[in-house]
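Student: Okay, sequence plus prediction incoming.
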Amino acid sequence: MERLPRSYEIWEEEWDDHQRQCEIQRNMDLEKLWMEAEERACAEAQEQEVARAQARAMAEFRAQMQWPGQRQGYGQWHVDSRIPV
């Protein structure tokens, strides 16, 4: 069997090295995308938790604004502020 020229072997080694570098870069890019997605998901979860806490606080505030025995009448609102009572 005929031996390939050394230049071909060098080219093949360089190509293999290039392929490895591309794979490393792809993996780094994917890891970065994954981390960004995780950060966005955490931020959204925190925003939702803050919104729930604010809604609870407002409901508690409204509940405290009604004195014992007071009838709900004009100006009173449901826990969901869009619904008048």
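Tutor: Looks like it came in fine.
Student: need the helices for the protein, in chain order.
Tutor: Using DSSP state H, the helices of the chain run over residues 6-65.
Student: where does it have low pLDDT?
Tutor: 1, 4, 67-85 (pLDDT under 70).
Student: repeat that with 90
Tutor: Residues of the chain meeting the criterion pLDDT under 90: 1-9, 61-85.
Student: Would you point out which residue is most central in it?
Tutor: By C-alpha atoms, centre = their mean, the chain has its centre lying nearest to Ala41, at 1.4 Å.
Student: how close does it sit to Ala53?
Tutor: 19 Å (C-beta to C-beta, to the nearest Å). Any C-beta I mention is one placed from the backbone N, CA and C, and that applies to glycine too.
Student: And Glu60, by the same measure?
Tutor: As judged by C-beta to C-beta, Glu60 and Ala53 stand 11 Å apart.
Student: same thing with His18?
Tutor: Remark: distance between His18 and Ala53 (C-beta to C-beta) = 53 Å.
Student: Ok, Ile24 next?
Tutor: 43 Å.
Student: Also Arg26?
Tutor: According to C-beta to C-beta, Arg26 and Ala53 sit 41 Å apart.
Student: go on, Arg3?
Tutor: The span separating Arg3 from Ala53 equals 74 Å under the rule C-beta to C-beta.
Student: ok, these two, which is more surrounded?
Tutor: Higher neighbour count among Arg3 and Ala53: Ala53, with 10 against 7, using other C-beta atoms under 10 Å.
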